[in-house]
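Novice: Have a look; sequence and predicted model below, questions after that.
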Amino acid sequence: MEYVRVTKENIENEHICCAISNNKDIQVSSKKAWLSGRFDEGLVFLKSTERGKCFIEYIPAENAWNPIIAEDYMYIDCLWVSGSFKGHGYSNDLLSACIEDSKAKGKKGLCILSSAKKKPFLAEPKFLKYKGFSVCDEADNGIQLWYLPFTDDAEPPRFKDCAKHPHTDETGYVLYYTSQCPFNAKYVPIVEQTANELGVPFNAVHIETKEKAQSAPTPITTYALFYNGEYLTNEQMNDKKFIKLVSQQKD
């Protein structure tokens, strides 16, 4: 497998979004705009030369769009290998490249979000454990911060208090999200419209700066849905999923 690093110079010519082939799709343009704003902050996007879900995205932790304290660590936004790419060692390739690059940049280690049991759009905990990662902190909603230190004396990363105890003061449905996930550009407006049609209160909070992301009331900022102040899920909703969720909340 050959890999290519996406940069400001080649991003317009590279396929970077999962299962989205049209470069003019709002999801693609949204993701590319978000990436372009992060490259000068040290973000690395390494992907297979073939189209598909086979890539790693990481950034110095001080520039991560998450409420974490991880000085001199590298934060992995996403490591995603799926479909026909699974089972060929590509996850190992991508993670090894990240480790090598991070060590060369003088980082103390890596950190990434996961959970005790596999959750949608989060790293596979079994894979992380196999690669030497361990849990260094856990939020009240079960989202865990895992880390791979490069030295024995590296101080473990941790969540900020706002992420450690996810909660909002608003009633109804509140969604915190960023443009890091390309699907949000398409599906957040669909869910907003669905909520309006159902007559249920829904407030979508688009996190558009690193500073706001780092003070968000949730460890996951790409997609975090709350109901009456309590965290519900990080799983992206479409209209059908949201209708089902609302019906479950009424039961």
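Specialist: On my side now, so go ahead.
Novice: can we go C-alpha only for contacts and neighbour counts from here?
Specialist: OK.
Novice: Spit out the contact partners of Val200.
Specialist: Counting by C-alpha atoms under 8 Å, 6 or more residues apart in numbering, Val200 touches Gly172, Tyr173.
Novice: now swap in Lys129 and tell me
Specialist: No contacts exist for Lys129 under C-alpha under 8 Å, 6+ apart.
Novice: how far is stretch 176-196 from where the chain is centred?
Specialist: 15 Å (C-alpha atoms, centre = their mean, to the nearest Å).
Novice: And the helices in the stretch 1-150 of the chain, which stretches?
Specialist: Ranges of helices in the stretch 1-150 of the chain, per DSSP state H, counting those that start in this stretch, are 26-36, 90-104, 125-130.
Novice: Just name whatever secondary elements the first one is in contact with.
Specialist: I take that to be helix 26-36. Using 3 or more C-alpha pairs under 8 Å, 6 or more residues apart in numbering; DSSP states H and E as the contact test, the elements touching helix 26-36 are helix 184-198.
Novice: which non-adjacent residue is nearest Phe45?
Specialist: Glu57 (4.5 Å; C-alpha to C-alpha, 6 or more residues apart in numbering).
Novice: hang on, Trp80 packs against Ser48?
Specialist: No - the criterion here is C-alpha atoms under 8 Å, and Trp80 misses it with Ser48 at 10.9 Å.
Novice: Take the helices of the stretch 1-150 of the chain and lay them out in TSV including mean pLDDT.
Specialist: Converted to TSV, the helices of the stretch 1-150 of the chain look like this (pLDDT from 0 to 100):
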stretch	mean pLDDT
helix 26-36	93
helix 90-104	96
helix 125-130	96
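Novice: most packed of those?
Specialist: Highest mean neighbour count of these: helix 26-36, a mean of 19 (counted as mean count of other C-alpha atoms under 10 Å).
Novice: so how far is it off the chain centroid?
Specialist: Using C-alpha atoms, centre = their mean, the offset of helix 26-36 from its chain centre is 14 Å.
Novice: would a markdown table of the helices of the stretch 1-150 of the chain with distance to Ser247 be doable?
Specialist: Formatted as a markdown table, the helices of the stretch 1-150 of the chain follow (distance: least, C-alpha to C-alpha, whole Å):
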| stretch | distance to Ser247 |
| --- | --- |
| helix 26-36 | 28 |
| helix 90-104 | 38 |
| helix 125-130 | 31 |
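Novice: Much appreciated, bye for now.
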